[in-house]
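S.K.: Would you be able to build a 3D model of this:
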Amino acid sequence: MNIPPWLIVGTVAVLLPLFLFMTWKYIHRQKESTTELLLEKGAALIRSFEAGARTGMMGMNWGGVQLQKLLYETARQPDILYIMVTDTGGKIFAHSNPDMIGQIYQTNLSLRKAVTLDKPEWRRVHTEGGKEVFEVYRRFMPIRSRPLGRRRMMRMMEGDWCRAMFNRDGPDFTGGHIIFVGLDMAAVEIARTQDQRHMVIMALTLLLLGFAGFITLFLAQAYRSTKTSLHRIKAFSDHLVETMPIGMVALDSDGRVRAMNRAAEKMLGKEKGVAVGRVAQEVLPTELLDVATEASERMTTVETELSISRAYKEPLSLEVIAAPLSPEDRPYFFGLVVLFRDLTEMRKLKEEVARSQRLASIGQLAAGVAHEIRNPLSSIKGFATYFRERYKDVPQDKQTAEIMVQEVDRLNRVISQLLEFARPPQIQKRKSDVVEIVKDSARMVEQDAERKSVQIRLDLPEKGVVTEVDADRIKQVFLNLYLNALEA
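M.R.: Here you go, the predicted model:
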């Protein structure tokens, strides 16, 4: 089944932005989480260092040297690149690398603003070697209130940089120190890169799954639509085969009947329920079976006309087409279909048409002969009438002339009938009184009846019978009856 390109484009257009947004959202959230984690770690280190410094300074009279050692030991923990304490001018008073003490920390920060921060801030910086560092900083103030014996501690710290933290009230002192904690981001970046790679892979996997889901839904819908269409086509074809006016019998490769329609049942006199499943020899007449056998053996379509004899019935004339069912690319026989049509009525019609054509030819011949005969008859009647008038005083000659006139009239009537037979009938119906037609036709043969000593008696209703007829043709019918009766 071919997948339309618009489905692929539409699926990608719907799913790709969705998964790109989800991936970006995850990476952004992960970045924020990493930042919060490092910031919290840096803040914790600052608080722990301040706590150690406060304990040492208040309890054990620590000075700058001891704080430097504490800072050095604290910075030896993994992922800590450096810890340092500077003043607002950037001068380094304590550093995890002792060589950096006394140098100026080059920074783009406003240290006078940074020394006022109670909450830690962060930024990303790079070392001279290009290594990225997550730096956390805020005001360094381990002493939050004036301890007891402040003068004694100040005397002990005479000349020490820590003395400045006891020189003013702690919380209000703005000329103090800033502590910086530099955290190594290599491991975090590796983990984040791996997570991002994993997220991209998961997003691509989900994208492919979503795409596959869309395709599966489309294929399922297409399969359902195709199945419905096939069901409709099958129902239509079954109904078409069942109701078509020609007979159909389908045989399988074993020669058994697998299908039969109503027309075949009627023509063969076999019920479908009984015939289906049986071998063809038990169902088909010998004549049809021979045609089916020939088609299966020759693996080609066979067309013929044949006549099937039936018990107590007239023979059945059939036009038969037997075609083998096989793939086009290889001659493998797996069935046969036999179609046959009843030609009995058609042959009768052909015979009637042929008979009509013969009669029409005879009629045309009779018309030609009638015209040729009528012309000399007119002359003969004229001479007979002349001799009848000329020899009216001679009874025998007069009678002979009258007989000639009568015979000429009879021949004219016969010729008129031949012409009527050759001429296509044209019926012109109109309302007429049948009683009057009978009376008129009877009056026309009164003289002939008197000559033959025949008495005509009419028993007709007094009231006329009016109906739509062709008066001339009905009158001719009555005349033919009268004349035939007189000549009988």
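
S.K.: Would you map the strands across the stretch 351-488 of the chain?
M.R.: Secondary structure of the stretch 351-488 of the chain, counting by DSSP state E, counting those that start in this stretch: strands at 430-433, 466-469.

S.K.: Apart from its neighbours in sequence, what residue is nearest residue 404?
M.R.: Leaving out its chain neighbours, the residue that sits closest to residue 404 by CB to CB, 6 or more residues apart in numbering is residue 384, at 3.7 Å. For every residue, glycine as well, the C-beta is placed using N, CA and C.

S.K.: Who are the contact partners of that neighbour?
M.R.: The contact partners of residue 384, taken as CB atoms under 8 Å, 6 or more residues apart in numbering, are 401-402, 404-405, 408.

S.K.: Residue 254 - nearest residue in space that isn't next to it in sequence?
M.R.: Counting by CB to CB, 6+ apart, residue 279 is the residue found nearest to residue 254 once chain neighbours are left out, at 7.9 Å.

S.K.: Touching, the one you found and residue 252? I think so.
M.R.: No - here residue 279 does not reach residue 252: they are 10.3 Å apart, not a contact under CB atoms under 8 Å.

S.K.: In terms of neighbours, single out the busier of the two.
M.R.: Just comparing residue 279 and residue 252: by other CB atoms under 10 Å the higher neighbour count belongs to residue 252, 16 against 12.

S.K.: For residue 294, see how far away that one is.
M.R.: Using CB to CB, to the nearest Å, one obtains 18 Å as the distance from residue 252 to residue 294.

S.K.: ok, back up a step: quick one, phi/psi of the residue nearest to residue 254?
M.R.: phi -70, psi 150 (degrees, to the nearest 10).

S.K.: In contact with it, which residues?
M.R.: Counting by CB under 8 Å, 6+ apart, residue 279 touches 254-257.

S.K.: Could you report the pLDDT at it?
M.R.: At residue 279 the predicted local confidence, pLDDT, stands at 89.

S.K.: With residue 303 instead?
M.R.: Per-residue pLDDT puts residue 303 at 90.

S.K.: Whatever helix or strand it lives in packs against which elements?
M.R.: Here residue 303 sits within strand 302-310, counting by DSSP states H and E. Using 3 or more CB pairs under 8 Å, 6 or more residues apart in numbering; DSSP states H and E as the contact test, the elements touching strand 302-310 are helix 286-298, strand 313-324.

S.K.: one more time with 10 Å
M.R.: Helices and strands touching strand 302-310, by 3 or more CB pairs under 10 Å, 6 or more residues apart in numbering; DSSP states H and E, are helix 262-268, helix 286-298, strand 313-324, strand 335-342, helix 344-390.

S.K.: For that strand, which strands pair with it and how are they oriented?
M.R.: strand 313-324 (antiparallel) (DSSP bridges).

S.K.: Output the partner strand as PDB, nothing but the C-alphas.
M.R.: Output of strand 313-324 as PDB, limited to C-alpha atoms (Å, rounded to 0.1, in the frame of the first residue of the first chain):
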ATOM      1  CA  LYS A 313     -39.400 -30.500 -23.300                       C
ATOM      2  CA  GLU A 314     -38.300 -29.000 -26.500                       C
ATOM      3  CA  PRO A 315     -34.500 -28.800 -27.100                       C
ATOM      4  CA  LEU A 316     -32.700 -25.900 -25.600                       C
ATOM      5  CA  SER A 317     -30.500 -23.900 -27.900                       C
ATOM      6  CA  LEU A 318     -27.500 -22.300 -26.100                       C
ATOM      7  CA  GLU A 319     -24.600 -20.000 -26.900                       C
ATOM      8  CA  VAL A 320     -21.800 -21.200 -24.700                       C
ATOM      9  CA  ILE A 321     -18.500 -19.500 -23.700                       C
ATOM     10  CA  ALA A 322     -16.100 -21.500 -21.500                       C
ATOM     11  CA  ALA A 323     -13.000 -19.700 -20.300                       C
ATOM     12  CA  PRO A 324     -10.200 -21.100 -18.000                       C
END
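
S.K.: mind listing what's buried in that strand?
M.R.: For strand 313-324, burial by neighbour count (16 or more other CB atoms under 10 Å) applies to 316-318, 320-324.

S.K.: those helices in this structure, which residues are they?
M.R.: Along the chain, the stretches classed as helices by DSSP state H are 5-59, 64-74, 111-114, 150-156, 186-243, 262-268, 272-275, 286-298, 344-390, 395-422, 434-444, 446-451, 471-487.

S.K.: Quick check, pLDDT for the residue positioned nearest the centre of the chain.
M.R.: Residue closest to the mean C-alpha point of the chain, counted by CA atoms, centre = their mean, is residue 225 at 6.0 Å. Looking at residue 225, its pLDDT reads 85.

S.K.: Distance of it relative to residue 232?
M.R.: With distances taken as CB to CB, residue 225 is found 11 Å from residue 232.

S.K.: what angle do the strand holding residue 303 and helix 286-298 make?
M.R.: Angle, strand 302-310 to helix 286-298, by axes from the mean of the first three to the mean of the last three CA atoms, to 10 degrees: 160 degrees.

S.K.: between strand 302-310 and strand 335-342, how big is the angle?
M.R.: Using the same axes, to 10 degrees, strand 302-310 lies at 60 degrees relative to strand 335-342.

S.K.: Would you mark the buried spots in strand 302-310?
M.R.: Of all the residues in strand 302-310, those buried under the rule 16+ other CB under 10 Å are 302, 306, 308.

S.K.: Once you drop chain neighbours, what's closest to the last one?
M.R.: Of all residues not flanking residue 308 in the chain, residue 316 sits nearest, at 4.5 Å (CB to CB, 6+ apart).

S.K.: and what of the second one?
M.R.: Leaving aside its chain neighbours, residue 306 sits nearest to residue 287 (4.8 Å; criterion: CB to CB, 6+ apart).

S.K.: The one you found is in contact with residue 320, isn't it?
M.R.: Yes - with contact defined as CB atoms under 10 Å, residue 287 and residue 320 form a contacting pair (8.1 Å).

S.K.: dump the residue contacts of residue 442.
M.R.: Counting by CB atoms under 10 Å, 6 or more residues apart in numbering, residue 442 makes contact with 449, 456-458, 460, 478-479, 482.

S.K.: Can you flag the buried ones in those?
M.R.: Buried, going by 16+ other CB under 10 Å: 478-479, 482, out of the contacts of residue 442.

S.K.: Would you map out the domains in the chain?
M.R.: 5-195, 245-342, 344-424, 426-488 (automatic domain parsing).

S.K.: Could you dump those domains into JSON lines with distance to residue 239 added?
M.R.: Converted to JSON lines, these look like this (distance: least, CB to CB, whole Å):
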{"stretch": "domain 5-195", "distance to residue 239": "34"}
{"stretch": "domain 245-342", "distance to residue 239": "10"}
{"stretch": "domain 344-424", "distance to residue 239": "25"}
{"stretch": "domain 426-488", "distance to residue 239": "45"}
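
S.K.: lowest-confidence stretch among these?
M.R.: Sorting the domains of the chain by mean pLDDT places domain 5-195 lowest, at a mean of 75.

S.K.: From the chain's centroid, how far away is that domain?
M.R.: Offset of domain 5-195 from its chain centre (CA atoms, centre = their mean, to the nearest Å): 68 Å.

S.K.: do stretch 296-312 as well
M.R.: Centroid separation for stretch 296-312 versus its chain: 41 Å, with CA atoms, centre = their mean.

S.K.: again, but for stretch 247-254
M.R.: How far stretch 247-254 lies from its chain's middle: 31 Å, per CA atoms, centre = their mean.
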